[in-house]
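Colleague: just a sequence and a predicted model for now, questions to come.
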Amino acid sequence: MTRMSRAQANLLLTLVALIWGSAFVAQSQAMAHVGPMLFTGVRFLVGALVVLPLALLEWRRLARAGRTPSRTDAAHIGLLGLLMTAGAAMQQVGLQTTSVTNAGFLTALYVPLVPVLAWALLRQLAHWSVWPAAAGCLAGAFLLSGAHELRLAPGDLWVVGSALPWALHVLMVGRWADRMAAPFLVACGQFVVCGLLSLAAAAALEPLAWAGLRAAAGPIAYAGVLSVGIAFTAQVVAQRYAHAADAAIILSAETLFAAAFGHALLGERLDAAGLAGCALLLAGLLLVQLAPLVARRRQPLAAQR
């Protein structure tokens, strides 16, 4: 596979964020017809089918080179699928009782978690900007969720909870895909794991009705083909060439796209406190990325003096 520049990877991640932001609308609309686990399971299996041909080609290439994935590789893919299941399921459950706008912004709480977890798990030292950024994101989430009026929806808490597995997923997916040199195989494998686990949970917890699946066919197809099959796969490919913290901040643009699509398609509105919360979230998300970039650019200038 041709190597990708960092700028190209960042551009691809921006496209991923656009698709994910628009998919919040489909995810919300599907809840009128099917349960959250059934929707999650079917859409991820649809996504697996989209990327399956590329995954098979990649498997054959690795086999010819004598580098067939090992049990350790399979375990890594399984763990990625488990993290994806946890994040997607909590997010989808939350969308039953929160708005698309809130879900989009609250999901972005994983962004400041990525460098924190990089330090805790990989001993990569976090930049000083992480701490004020995290505080700003938490304050923004507080205002956005309506907790200042004692109207904290259960859905908001579910979406906030999804931030941890999403952060772990963003942190590890690029590392493991690059180590295996098989982004399509990793993507397809994690989709299958997530889809099967979600369907098992749906069978145990939710009523399964064919009529509901037919009614939600449009949102399922959109979320499965575009959000999972294309966007999640593109994330795996791009994160081989992008730093995890860079990827997190770029992917957080899905919050803006979610709010824009929620306004355009569902007529959602934010009050003054909600807008202030969005501003704090964006300030925190930008700070955690821009401050290290400014510091790196100043170092060569200081060395020339």
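Modeller: All right, it came through fine. Keep in mind the model is a prediction, meaning the values are calculated, not measured.

Colleague: how near is Pro36 to Glu254?
Modeller: To Glu254, Pro36 is 19 Å away according to C-beta to C-beta, to the nearest Å. For every residue, glycine as well, the C-beta is placed using N, CA and C.

Colleague: cool, and Phe39?
Modeller: From Phe39 to Glu254 the distance is 18 Å (C-beta to C-beta).

Colleague: and these two? Which one has more around it.
Modeller: Phe39 (29 against 25; other C-beta atoms under 10 Å).

Colleague: just give the nearest non-adjacent residue to that one, would you?
Modeller: Ala30 (4.9 Å; C-beta to C-beta, 6 or more residues apart in numbering).

Colleague: burial count for the one you found?
Modeller: 28.

Colleague: and the pLDDT for it?
Modeller: pLDDT, Ala30: 87.

Colleague: quick one: secondary structure of the residue nearest the centre of the chain?
Modeller: In the chain, the C-alpha nearest the mean C-alpha coordinate belongs to Trp166, at 5.7 Å (C-alpha atoms, centre = their mean). Under DSSP: H, G, I helix; E, B strand; the rest coil, Trp166 falls in the helix class.

Colleague: I'd guessed it sits against Val111; true?
Modeller: No: the pair formed by Trp166 and Val111 falls short of the contact definition of C-beta atoms under 8 Å, at 9.3 Å.

Colleague: residues touching the residue nearest to the centre of the chain, list them.
Modeller: Residues near Trp166 by C-beta atoms under 8 Å, 6 or more residues apart in numbering: Leu83, Gly87, Thr107, Tyr110.

Colleague: for the nearest residue to Pro207 once chain neighbours are set aside, grab phi and psi.
Modeller: In space, and not counting its chain neighbours, Pro207 is closest to Gly35: 7.1 Å by C-beta to C-beta, 6+ apart. For Gly35, the backbone dihedrals (degrees, to the nearest 10) come out as phi -70, psi 160.

Colleague: going forward, count from 350.
Modeller: In the new numbering, first residue 350, that becomes Gly384.

Colleague: for the stretch 400-549 of the chain, just list every one of the helices.
Modeller: Ranges of helices in the stretch 400-549 of the chain, per DSSP state H, counting those that start in this stretch, are 420-443, 449-456, 459-471, 479-494, 503-510, 512-529, 532-554.

Colleague: I'd like to know which of the ones you listed lies nearest to Ala412.
Modeller: helix 532-554 (11.1 Å; C-beta to C-beta).

Colleague: can you list the buried residues in the closest one?
Modeller: 532-548, 550-551 (16 or more other C-beta atoms under 10 Å).

Colleague: how near is the residue nearest to the centre of the chain to Phe581?
Modeller: From Trp515 to Phe581 the distance is 12 Å (C-beta to C-beta).

Colleague: same thing with Ala414?
Modeller: Counting by C-beta to C-beta, the gap from Ala414 to Phe581 is 26 Å.

Colleague: which one of those two has more residues nearby?
Modeller: Between Ala414 and Phe581, Phe581 has the larger neighbour count (other C-beta under 10 Å), namely 25 against 9.

Colleague: from what I see, the more buried one and Gly538 are in contact.
Modeller: No: with contact defined as C-beta under 8 Å, Phe581 does not count as touching Gly538 (11.8 Å).

Colleague: many thanks, I have nothing further to ask.
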